[in-house]
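missing the sequence, but the structure's below:
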């Protein structure tokens, strides 16, 4: 069975941060299972006498009989039992009219447990949502339909059908079933978060003082974002097969055609050579103060497929100081920019690869950078 890395549940003092009342309610659904592992759950928990160590031993040594919903509950509570997770959950709980109690105030773990007890789907969804902001590198695909069709978020039925087809592919690729698709309106776009399994992983462990191993299926999140104004979808996923899967399946279940996203965006870095420093102008882009070219990669080709990387605090300034120009015969295949965004004191990095890949320090930067790249003709 799949097991989870329960870092915060590996120490009794973490369990003690959950109020006795809510910990008792959290565990009561699994009283029979705990009993089979030799742990008698009392009707009410007295922190002074409760066997926290014994409970931790059971959590840290899951077996084939460990209920899947208990493992999942422990995992999601563990992941959201942080100050940041607490803020996210409290805001959502307030919006949904949930009651969060504590004496004098609830701890992060206490908040996570209470949300799980009231609506476990909320905890699961807010946990998944946090992974969106971690995605930095995207490949872009566009529709060639003209005009671009009107867009509506997929219905629950369409999502279920999408999840099934995605599940079939992952199962065939030995990654198991259980894929979920979450939908989030975000900044004028619609974001899709796909949670799925990875190939099984085996790790060495120590059980009861003896060498052993655990065998589990890691969890993975992929991110897609659709811009209805341009008909483009950008995809963050590990493999070419996964990216093609999402391109086809989202086209099928959201727009009715496997080939809806049949075109690929193409970035070109030639403006760096033809326009020089003028290609970095951004006075006409709201939210962007300045940009510098920090690194450029040239492809010379030949039998040995030679590439060359040039780095500087400011590439154009370095070229000017040495009275040099960019080579005319090498193809520019990658550029690293340092960008000062208006919302930040510290510049952030943006990487553009010739083809259809862009990488951002923050996903929110994409909207601003896309406008700049369009205006400076980096997008064909």
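Looks like it arrived, so ask away. Since we're looking at a predicted model, the values are computed, not measured.

Could you point out the longest strand of this protein?
Of all the segments of type strand in the chain, defined by DSSP state E, the longest one is strand 288-301.

Okay, now the sheet partners of that strand, with direction.
With DSSP bridges as the criterion, the sheet partners recorded for strand 288-301 are strand 306-311 (antiparallel), strand 331-341 (antiparallel).

for those, which one sits closest to residue 256?
Ranking the strands paired with strand 288-301 by proximity to residue 256 (C-beta to C-beta) places strand 331-341 first, at 36.1 Å. Yep, even glycine has a C-beta here, placed from its N, CA and C like the rest.

Relative to the whole chain's centre, how far out is that closest one?
A distance of 23 Å separates the centroid of the chain from that of strand 331-341, by C-alpha atoms, centre = their mean, to the nearest Å.

hmm, back to that, quickly compare the strands paired with strand 288-301 and say which is most buried.
strand 331-341 (a mean of 19; mean count of other C-beta atoms under 10 Å).

Skip ahead from that one and say which helix or strand is next.
Moving toward the C-terminus from strand 331-341, the first helix or strand encountered (DSSP states H and E) is strand 348-353.

Tell me which of the strands paired with strand 288-301 lies nearest to residue 101.
If you check each of these against residue 101 by C-beta to C-beta, strand 331-341 wins as the nearest, at 40.4 Å.

Next, the angle from the closest one to strand 348-353.
Between strand 331-341 and strand 348-353, the angle formed by their directions is 160 degrees, by axes from the mean of the first three to the mean of the last three C-alpha atoms, to 10 degrees.

Next, count neighbours for residue 144.
Here the number of neighbours of residue 144 (other C-beta atoms under 10 Å) works out to 11.

how about it, secondary structure?
coil (DSSP: H, G, I helix; E, B strand; the rest coil).

Tell me how far it lies from residue 271.
To residue 271, residue 144 is 25 Å away according to C-beta to C-beta, to the nearest Å.

domains in this structure, as residue ranges please.
Each structural domain of the chain that the record assigns through automatic domain parsing is listed here as a residue range: 7-129, 134-264, 271-375.

CSV for those, including mean pLDDT?
Output for the domains of the chain, formatted as CSV (pLDDT from 0 to 100):
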stretch, mean pLDDT
domain 7-129, 85
domain 134-264, 87
domain 271-375, 92
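
re the thing from before, for the strands paired with strand 288-301, give me TSV that also has distance to residue 238.
Converted to TSV, those look like this (distance: least, C-beta to C-beta, whole Å):
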stretch	distance to residue 238
strand 306-311	23
strand 331-341	20
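
Quick one: closest of those strands to residue 280.
When the strands paired with strand 288-301 are compared for distance to residue 280 using C-beta to C-beta, the nearest one is strand 331-341, at 7.7 Å.

Quick one: residues in contact with that closest one.
Identification of contacts with strand 331-341 by C-beta atoms under 8 Å, 6 or more residues apart in numbering yields 269-270, 272-273, 280, 287-299, 301, 307, 326, 347-354, 365, 368-369.

Quick check: ChimeraX command selecting the buried ones in these.
The following ChimeraX line selects those of the contacts of strand 331-341 that are buried, judged by 16 or more other C-beta atoms under 10 Å:
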select :269,272,273,280,287,288,291,292,293,294,295,296,297,298,326,347,348,350,351,352,353,354,365,368,369
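
could you pull out the helices for this structure?
Listed from the start of the chain, the chain has helices (DSSP state H) covering 12-15, 20-28, 31-36, 52-60, 68-80, 83-95, 108-118, 120-129, 156-172, 240-255, 271-274, 315-321, 365-375.

Can you list the buried residues in the fifth one?
The neighbour-count check on helix 68-80 (16+ other C-beta under 10 Å) flags 70-80 as buried.

Residue 218: which of the residues you listed is nearest?
Of all the buried residues of helix 68-80, the one sitting nearest residue 218 is residue 75; the distance, using C-beta to C-beta, is 11.6 Å.
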